[in-house]
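In: Using only what follows, build the 3D model:
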Amino acid sequence: MSDYVTYDSLTEGDDFLNPIPAYKVTQEAVDKYLLATNDNTLELQQTGPGNTRIAPPMLAAVYVIEALRTRVGPPGGIHAKQQFKFYRPATIGETLYTSATVIKLYQKKGRNYVDMSTDTKNENGELVTSGMITRIWGKES
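Out: From the prediction side, this is the model:
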């Protein structure tokens, strides 16, 4: 038995993440992201209603990848491409839940590819982001 998800175990239309993992948007994660990207956007420094602060939109790359890491493919996989659609900003203190659905399985140049759609909602069920991701599956031994 392997300790990773095999390509043959995937089926188009299946939920990839079960249970759906949680990601807490923390001040520390936001600060690390801002420092790493040298992002000085004023709106990300200000507090809004209820003393809330919004997280950088591209923190989505962090919480989606963290969710997908809960079920890994074999070594050697490649994160080929990703796109996001934003519905509302995530805020510091929110807990986000990312689901992923296998949309398409195919081969190209002798490699296995997986296209997935993702939806991230907060604890109130409000849609924060949706997206598409293409992964080149690692070679299984």
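In: contacts for the longest strand seen in the chain?
Out: Assignment by DSSP state E gives strand 95-108 as the longest strand of the chain. Here strand 95-108 makes contact (CB atoms under 8 Å, 6 or more residues apart in numbering) with 7, 10-17, 20-25, 63-64, 66-68, 90, 112-123, 128, 132-133. The way it works is simple: take the backbone N, C-alpha and C, and place the C-beta from them, glycine included.
In: Narrow the residues you listed to those in strands?
Out: Judged by DSSP E, the contacts of strand 95-108 include 22-24, 112-122, 128, 132-133 as members of strands.
In: from those residues, which would you call buried?
Out: By neighbour count, with 16 or more other CB atoms under 10 Å, the ones in strands among the contacts of strand 95-108 hold 23, 112-116, 118-122, 128, 133 as buried.
In: Determine which two of those are furthest apart.
Out: 112 and 122 (33.2 Å; CB to CB).
In: Measure how buried the closest residue to residue 97 other than its chain neighbours is and give me the count.
Out: Using CB to CB, 6 or more residues apart in numbering and skipping residues adjacent in sequence, the residue nearest residue 97 is residue 20, 4.8 Å away. Neighbour count of residue 20, defined by other CB atoms under 10 Å: 17.
In: Run through the residues that contact residue 20.
Out: 67, 97-99.
In: what do you get for residue 84?
Out: Residue 84 neighbours (CB under 8 Å, 6+ apart): 57-58, 60-61, 64, 129-131.
In: isn't residue 112 right next to residue 8, touching?
Out: No: contact criterion CB atoms under 8 Å: residue 112 and residue 8 do not qualify, at 9.2 Å.
In: Which residues does the biggest helix by length in the chain contact?
Out: Longest helix in the chain, counting residues (DSSP state H): helix 27-37. By CB under 8 Å, 6+ apart, the list of residues contacting helix 27-37 from outside reads 39-40, 44, 53, 55-56, 58-59, 62, 92.
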